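[1] Provided below for reference: sequence and predicted model.
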Amino acid sequence: MRSLIRLRSSIVKDTTREKNRIKSLSRFHGMEIPGEFTKHSVGNWSKRCGKYVYDRIYIWIFLAI
């Protein structure tokens, strides 16, 4: 049981780090994630938010080529 709790804690920390990286890189490149996706969900990104971020990154990469 203890190992499951440790694993969950590790996964939560990794997920938080990845979200922070995505937010940081998007801000660095001038792409702000709207508050409607992050304000109400304390740490939980909806599928709609994930799609928004994915679409914006895909468009940015496509335009950069």
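    Great, that's in hand. As the structure is a computational prediction, the values presented were derived from the model and not from experiment.
[2] tell me the buried residues in the helix or strand harbouring Phe62?
    Following DSSP states H and E, the helix or strand that holds Phe62 is helix 47-64. Burial within helix 47-64, assessed by neighbour count using 16 or more other Cβ atoms under 10 Å, is assigned to 49, 52-53. All C-beta spots, glycine's among them, are computed from the backbone N, C-alpha and C.
[3] the longest helix in this protein is where?
    helix 2-28 (DSSP state H).
[4] and the average pLDDT for that helix is what?
    Averaged across helix 2-28, pLDDT comes to 89.
[5] and if you look at stretch 52-61?
    The average of the pLDDT scores along stretch 52-61 is 79.
[6] pull the distance from that stretch to the chain's centre.
    Here the centre of stretch 52-61 is set off from its chain's centre by 12 Å, with Cα atoms, centre = their mean, to the nearest Å.
[7] stretch 16-24 now?
    Centroid separation between stretch 16-24 and its chain, computed with Cα atoms, centre = their mean, is 5 Å.
[8] tell me which residue is most central in the chain.
    Lys19 (3.3 Å; Cα atoms, centre = their mean).
[9] need the CA coordinates for stretch 18-31. PDB is fine.
    These are the backbone C-alpha positions of stretch 18-31, laid out as PDB (Å, rounded to 0.1, in the frame of the first residue of the first chain):
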ATOM      1  CA  GLU A  18       4.900  19.000 -17.200                       C
ATOM      2  CA  LYS A  19       2.000  21.400 -16.900                       C
ATOM      3  CA  ASN A  20       4.400  24.100 -15.500                       C
ATOM      4  CA  ARG A  21       6.700  23.500 -18.400                       C
ATOM      5  CA  ILE A  22       3.900  23.800 -20.900                       C
ATOM      6  CA  LYS A  23       2.700  27.100 -19.400                       C
ATOM      7  CA  SER A  24       6.200  28.500 -19.100                       C
ATOM      8  CA  LEU A  25       7.100  27.700 -22.700                       C
ATOM      9  CA  SER A  26       3.800  29.000 -24.000                       C
ATOM     10  CA  ARG A  27       4.300  32.300 -22.100                       C
ATOM     11  CA  PHE A  28       7.900  32.500 -23.300                       C
ATOM     12  CA  HIS A  29       6.700  32.300 -26.900                       C
ATOM     13  CA  GLY A  30       3.800  34.700 -26.400                       C
ATOM     14  CA  MET A  31       1.000  32.100 -26.200                       C
END
